[in-house]
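A.B. asks: Mind looking at a prediction? Sequence and model below.
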Amino acid sequence: MPIKVRDVFKKLGGREVLRGVSLEVGAGEVHVVIGPNGSGKTTLVKTIAGLLEPDSGSVYVDDVDVTGVEPRDRGVGVVLQGAPLLPLASVFDHIAFPLRARGFRESVVDGRVREVASRLGLSDKLFSRLERLSGGERQRVAIATAIVTGTRNLVLDEPFSSLDPVYRMEVYSLLLRLRRDGYSILVTTHIVDDLLFIADRIWVLLDGVIGEAGSLEELLSNPRTWYSRRILRHTLTGIAACNGECGLPGAREAGEGLYLIPYNTVSAVESEEGYEVVRVIEIDGARIAVLDTGIGIMYAVANPSLRPGDRAILVPRRG
């Protein structure tokens, strides 16, 4: 397994923050750890990263026990909650920093920075000043810096809490692309939002203990913790570009010609010219399509024959 935590205990300030936590992330999967503030999510991320050492238990990366290994040598990229970008002149310099710190030749640095910038849609921003970036662009720079060394394993701690809906959807779409490229991704959040609907597995962390784990469908159909029962049921809302008014009930303007649109106002209909269907979720007897629009994620009631991998367009629902 690319990322694996085994029976980890960690005490901070006299309080046991993690109490026997075990989880694992498969190759090319997105897993999400949810839980309220204070549940131990950040401590878990720092333990995986090597910024904290467990009192007992082990951390594995690519099936190698890295417990006690220096953070830079663990083979996992980490984006911490609220961590500011380094005070460097440009996007290029920021992404290049881990490579230069490891002594790579400048020709290698240049090639790797440009490669990862292209993958994350930052090629036209490489020589921009960091303070001029949008929230979504800053998050992409942080992710690029985390993976530029070549790791295919990525851990993000609360990466969306400071982003508005437009930028959150932009980063969701980026994570989907990274998953398609074979990256293994673990994300922690206390904001139960659209990210759950691209998750292969959800882990519920409560008071330092994994209370339950499963797919979204499993947790919705048979929740075993108060957190799942109270938090997981909410309106699925996606984002779409519209010319003028969207004309759909419940559509809310999100700025820059974009609208937030509840899933139950639109249907996904097969079309070769449409968006890619990432997955189809069945909740309470309804089939809901998750579509990658290129600028973010959209949800819609799925036609009966729609399957993952198909392409579909969005049309207003009738009735």
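C.D. replies: Okay, I see it. This structure is a prediction, so every number in the text was calculated from the model and none was measured. Numbering: from 1, shown residues only.

A.B. asks: so how far is Gly136 from Ala117?
C.D. replies: Relative to Gly136, Ala117 is positioned 15 Å away (criterion: C-beta to C-beta, to the nearest Å). Quick note: C-beta positions are derived from backbone N, CA and C, even for glycine.

A.B. asks: just so I have it, where are all the helices in the stretch 201-319 of the chain?
C.D. replies: 216-221, 226-231 (DSSP state H, counting those that start in this stretch).

A.B. asks: any chance of those helices in TSV, with distance to Thr47 and mean neighbour count too?
C.D. replies: What follows is the helices of the stretch 201-319 of the chain, written out as TSV (distance: least, C-beta to C-beta, whole Å; neighbours: other C-beta atoms under 10 Å):
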stretch	distance to Thr47	mean neighbour count
helix 216-221	24	17
helix 226-231	21	16
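
A.B. asks: helices and strands around the helix or strand hosting Glu115, which ones?
C.D. replies: Counting by DSSP states H and E, the element that carries Glu115 is helix 106-119. Contact analysis of helix 106-119 by 3 or more C-beta pairs under 8 Å, 6 or more residues apart in numbering; DSSP states H and E lists helix 91-101, helix 135-147 as its packing neighbours.

A.B. asks: hey, which strand is longest across the protein?
C.D. replies: strand 266-283 (DSSP state E).

A.B. asks: show me what contacts Tyr183?
C.D. replies: For Tyr183, the contacting residues are 28, 147, 152-154, by C-beta atoms under 8 Å, 6 or more residues apart in numbering.

A.B. asks: The residues you listed in helices, which ones?
C.D. replies: Mapping these onto helices (DSSP state H) picks out Ile147.

A.B. asks: how about the contacts of Tyr183, which pair is most distant?
C.D. replies: Longest distance between any two of the contacts of Tyr183 is 14.1 Å, between Gly28 and Ile147; criterion C-beta to C-beta.

A.B. asks: which one of these two has more residues nearby?
C.D. replies: Neighbours of Gly28 and Ile147, each counted by other C-beta atoms under 10 Å, are more numerous for Ile147; the result is 22 against 16.

A.B. asks: Kindly state the pLDDT recorded for that one?
C.D. replies: Per-residue confidence (pLDDT) for Ile147: 95.

A.B. asks: Nearest residue to it in space, please, no chain neighbours.
C.D. replies: Gly77 (4.7 Å; C-beta to C-beta, 6 or more residues apart in numbering).

A.B. asks: For this structure, give me the ranges with low pLDDT.
C.D. replies: Confidence mapping of the chain against pLDDT under 70 gives the ranges 165-166, 192-195, 233-250, 254-260, 284, 295-296, 318-319.

A.B. asks: Spell out the residue ranges of the strands in the stretch 101-250 of the chain.
C.D. replies: 153-157, 184-189, 201-206, 209-214, 237-241 (DSSP state E, counting those that start in this stretch).

A.B. asks: Give me the helices and strands touching the fourth one, please.
C.D. replies: Meaning strand 209-214. Judged by 3+ C-beta pairs under 8 Å, 6+ apart, strand 209-214 is in contact with strand 15-25, strand 201-206, helix 226-231.

A.B. asks: would TSV of these with distance to Asp292 be doable?
C.D. replies: Conversion of those to TSV gives the following (distance: least, C-beta to C-beta, whole Å):
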stretch	distance to Asp292
strand 15-25	21
strand 201-206	19
helix 226-231	25
